[in-house]
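Participant: The sequence isn't on hand, but the structure is:
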């Protein structure tokens, strides 16, 4: 559960919206949409505790450390960093108390799930943007956090990768995890995500995706 | 060139050579992982900054206690740590890039050092402080080096995982653990500690060479972090050993001899290294 009370966020002295109230229930799957610069990514960071809200409060029903997974939008990962894809994915085990055998098994499954098995020992330098994105998603699936925040997870993914992504998002949703997904692809939101939080400079609206995004949009709203 | 027995004979024969060798070897092993991580954190030049920043502390120590080893060490340690700590704090609180914040603090520190020496009216041998002499490693200095190096290697092993993640993906680490700032702080402390203990032996600026050159060279030999650290330690040890021999047989100053041997290894790696060395293709773009 995520409850925001009179929340304002943005750069100091420049709040992006008037005070906003909303509540996302446990196990919900919500899209965040809005124009560029409306504060979607910052909102995720504020929820993740990586950025302080200007005013107002956020309540989470889970602790921020360990129970929350955040997939940031632009990966400023150093591609020359001398580790392999498998080592990057295995970081998702941080703090887990599972036995090494179980971990190996889960790591193997996660790599297979995200079509990364053949790339396990590749250095980061030799990965494409989409492969790296899938690796980060695989790391997220190992962490088993009850609250998942994804900022444009479909960016850099090809059609196959996007299909894989939606499949996993539905699977996570079915397992009762709470998901918040920033997404520009309104058609995909309408099709895959039941609830939408629309952020505008005049405030925010939370409602069923099919109502908020009424007609099939002709183009993707940037 | 040197014959095979000559490679060991000076160390067998002279206590001061044995001490210099032992001190240099442990220093090479403990600075190797620090250098590798400094490069990964894009802080390669920080070693230089910190080495200069040690000066006011050492100068204060000299002012109050004269040329005494503990006074210089603790003074240098205090100045180095407060400088690195202040810079790291400013970075974490304001988002100023770490290299910029250190680059801003270190001239302040260096200038205060020179000012203190000026006010004190005595002349501490700056050259000795900056370039040191490996052949003057005495018993207490060696003991100090062994303790610091041992402690530093154990501490690095303990913070290895969080430091790796804090370096690669700090946002991720922040969402799973509070250890990021701890690992960062311990790491900077170890850098200062090694530079301070090293400046007694081979000089503040020369330790920076021993820390960074093998680390930079190792990047041309592997894609795997543990291997990089092992190669850097090995190259560091070889440099100390060959450097001391050169210094012994050709009467060269020991610090620069060690660093220049390390520099030679670095240049060889740039040319012949299998990972993007000059003779290898394809050449990858440097950004990303």
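Facilitator: Thanks, I have it. As the structure is a computational prediction, the values presented were derived from the model and not from experiment.

Participant: Pass me the low-pLDDT residue ranges in chain A, would you?
Facilitator: A:74-75, A:215-222 (pLDDT under 70).

Participant: change it to 50
Facilitator: A:222 (pLDDT under 50).

Participant: So which residue is dead centre in it?
Facilitator: residue A:150 (0.8 Å; CA atoms, centre = their mean).

Participant: Test my guess that residue B:256 contacts residue B:239.
Facilitator: No - taking contacts as CB atoms under 8 Å, residue B:256 lies outside contact range of residue B:239: 11.6 Å. C-beta here means a position set from N, CA and C on the backbone, and glycine is covered the same way.

Participant: Looking at these two, which one has more neighbours?
Facilitator: residue B:239 (27 against 19; other CB atoms under 10 Å in any protein chain shown).

Participant: tell me the contacts of the more buried one?
Facilitator: B:28, B:210, B:213-214, B:258-259, B:261-262, B:265 (CB atoms under 8 Å, 6 or more residues apart in numbering or on different chains).

Participant: cutoff 6 Å now
Facilitator: B:258, B:261-262 (CB atoms under 6 Å, 6 or more residues apart in numbering or on different chains).

Participant: and if you look at residue B:31?
Facilitator: Here residue B:31 is in contact with B:194, B:210-211 (criterion: CB under 6 Å, 6+ apart).

Participant: Report the secondary structure state of the nearest residue to residue A:212 once chain neighbours are set aside.
Facilitator: Nearest residue to residue A:212 in three dimensions, chain neighbours excluded: residue A:196, at 4.6 Å (CB to CB, 6 or more residues apart in numbering or on different chains). Following DSSP: H, G, I helix; E, B strand; the rest coil, residue A:196 is assigned to strand.

Participant: Contacts only, for residue A:196.
Facilitator: Residue A:196 neighbours (CB under 6 Å, 6+ apart): A:31, A:33, A:209, A:212.

Participant: Neighbour-wise, give me the winner out of these.
Facilitator: That'd be residue A:31 among those, by other CB under 10 Å, with 27 neighbours.

Participant: That one bridge partners, please.
Facilitator: residue A:181, residue A:196 (DSSP bridges).

Participant: right, and it touches residue A:180 too?
Facilitator: No - counting by CB atoms under 6 Å, residue A:31 stays clear of residue A:180, with 8.0 Å between them.

Participant: The residue nearest to the centre of chain A should be in a strand, yeah?
Facilitator: Yes - under three-state DSSP, residue A:150 sits within a strand.

Participant: tell me the contacts of it?
Facilitator: Per CB under 6 Å, 6+ apart, neighbours of residue A:150: A:71, A:181.

Participant: at 10 Å what do you get?
Facilitator: Residues near residue A:150 by CB atoms under 10 Å, 6 or more residues apart in numbering or on different chains: A:31-32, A:44, A:69-73, A:136-137, A:140, A:165, A:169, A:172, A:179-183.

Participant: Just the ones of these in strands?
Facilitator: A:31-32, A:69-71, A:179-182 (DSSP state E).

Participant: Make TSV from these and add distance to residue B:204 to it.
Facilitator: Shown next, in TSV, are the ones in strands among the contacts of residue A:150 (distance: CB to CB, whole Å):
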residue	distance to residue B:204
A:31	56
A:32	52
A:69	44
A:70	41
A:71	43
A:179	53
A:180	51
A:181	52
A:182	49
